[in-house]
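Peer 1: Structure for the following, please:
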Amino acid sequence: MPVMKNWCRLPCPYHFSLLNLMSSILTYLLACLLYGSIGWYFWHTKWKNPIKPTDGNNITTNRENYVIFIPLILHTYVLYQSIFSGAGLSFGIGNAISSIVWLTAIIYCCSGFFYRLDIMQTMIAPVAAVAVLLPLVFPSPHPLTNTEFPAFKAHILIAMMAYSLLTIASLHALLMAIVEKRLHHPAMSSLLINLPSLLAMEQLLFRIIWAGFILLTLTLISGVVFSEEVFGQPVRFTHKTLFGFISWGIFASLLIGRQLYGWRGRIAIRWTLIGFTILLLAYIGSKFVLEVILQR
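Peer 2: Residues are numbered from 1 along each chain as shown. Next comes the predicted model:
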């Protein structure tokens with residue numbers, strides 16, 4: 001009873017702010033729970049199942065694609081609340097990773113209506129379950145400045161699209177490696193055997209890489225333009241910039257090697273994963289060091 005009396009004596013705005021905070025945390029937890037449940041469902045019904053005869057009916061797959069949009073909608077809501085919580089954009093490491101995973105999940109879910117890539121929902125759902133909570137664990141230390149400039153907003157949007165597409169490319173490369181390794185396995189999962197051929201998956205991989213590479217190129221160019229427009233000086237040559245250009249060079253070399261020398265299979269998978277790892281070091285690594293380790 002004394003607790004209730006003290007609660008009633010609190011100012012009304014405090015009640016609303018506390019209720020909003022509790023509601024926001026519950027939304028985060030609900031999105032995490034739904035992502036985790038979907039990942040658990042796919043793991044137990046598809047990944048671990050033995051081979052089953054298929055009748056070409058995709059109704060179940062389509063229903064599952066629709067179901068995963070429920071946590072995606074909640075994820076969209078909490079991201080919006082977290083990024084646009086103040087005057088400027090709050091884009092710390094938690095929001096950055098959560099945004100990339102969110103966009104990656106959306107692209108894969110939409111692609112699931114055109115390609116049999118159900119296995120990716122098994123892989124992306126648990127990752128999204130963790131990523132949706134990251135803004136709570138690693139809140140943005142301060143909002144970004146100069147967010148009123150259109151060049152900056154365009155730079156952020158293009159960068160997120162580039163990172164998301166290249167994240168998809170890396171996951172797709174991992175999937176190809178798994179399929180190639182278990183191609184002649186006697187207990188191969190029905191989910192793997194119902195995927196397109198390795199040749200078709202390889203063609204899709206390079207389409208994704210091409211799209212991500214173009215957006216990564218625009219990201220690097222827009223970063224230089226933004227620096228000139230806002231600060232009036234050339235972009236600073238930091239480790240983030242260095243790793244960004246190294247990653248760009250690796251993907252450029254992969255695409256050139258594909259065109260000139262017909263690179264494919266394990267070479268394509270290896271170069272894709274190396275380029276993506278360096279890209280992670282360029283953006284996420286620098287944010288982690290600055291915000292988590294150095295507290296800046």
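Peer 1: what's near enough to touch residue 159?
Peer 2: The contact partners of residue 159, taken as CB atoms under 8 Å, 6 or more residues apart in numbering, are 215, 219, 222-223, 283. C-beta coordinates here come from the backbone N, C-alpha and C atoms, glycine included.
Peer 1: which one of those has the most neighbours?
Peer 2: residue 219 (23 neighbours; other CB atoms under 10 Å).
Peer 1: got a pLDDT number for the nearest residue to that one once chain neighbours are set aside?
Peer 2: In space, and not counting its chain neighbours, residue 219 is closest to residue 159: 4.5 Å by CB to CB, 6 or more residues apart in numbering. Looking at residue 159, its pLDDT reads 86.
Peer 1: Helix, strand or coil: sort out residue 159 for me.
Peer 2: helix (DSSP: H, G, I helix; E, B strand; the rest coil).
Peer 1: Could you do residue 91 as well?
Peer 2: Going by three-state DSSP: residue 91 is coil.
Peer 1: got the buried residues for stretch 254-266?
Peer 2: 254-255, 258, 263-264 (16 or more other CB atoms under 10 Å).
Peer 1: JSON lines please, covering these and showing secondary structure.
Peer 2: Formatted as JSON lines, the buried residues of stretch 254-266 follow (three-state DSSP):
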{"residue": "254", "secondary structure": "helix"}
{"residue": "255", "secondary structure": "helix"}
{"residue": "258", "secondary structure": "helix"}
{"residue": "263", "secondary structure": "coil"}
{"residue": "264", "secondary structure": "coil"}
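Peer 1: least confident pick among the residues you listed?
Peer 2: Lowest pLDDT among those: residue 264, 86.
Peer 1: Once you drop chain neighbours, what's closest to that residue?
Peer 2: residue 202 is the one closest to residue 264 (CB to CB, 6+ apart), at 5.8 Å.
Peer 1: what about the helix or strand hosting that neighbour, average pLDDT?
Peer 2: Following DSSP states H and E, one finds residue 202 within helix 198-231. Helix 198-231 shows a mean pLDDT of 83.
Peer 1: Please point out which parts of that helix sit buried.
Peer 2: 201-202, 204-206, 208-209, 211-213, 215-216, 218-220, 222-223, 225-227.
Peer 1: who's in contact with residue 284?
Peer 2: Neighbours of residue 284 in contact, by CB under 8 Å, 6+ apart: 93, 96-97.
Peer 1: Oops, could you answer that again for residue 110 instead?
Peer 2: Neighbour list for residue 110: empty [criterion: CB under 8 Å, 6+ apart].
Peer 1: element containing it, please.
Peer 2: Here residue 110 is assigned to helix 93-111, by DSSP H and E.
Peer 1: now swap in residue 249 and tell me
Peer 2: helix 239-261.
Peer 1: and the following helix or strand past that helix, what does it pack onto?
Peer 2: Counting by DSSP H and E, the next helix or strand C-terminal to helix 239-261 is helix 265-280. Applying 3 or more CB pairs under 8 Å, 6 or more residues apart in numbering; DSSP states H and E, we find helix 265-280 packed against helix 150-181, helix 198-231, helix 239-261.
Peer 1: can you list these in a markdown table and add distance to residue 30?
Peer 2: As requested, the helices and strands packed on helix 265-280 are exported to a markdown table (distance: least, CB to CB, whole Å):
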| stretch | distance to residue 30 |
| --- | --- |
| helix 150-181 | 23 |
| helix 198-231 | 31 |
| helix 239-261 | 35 |
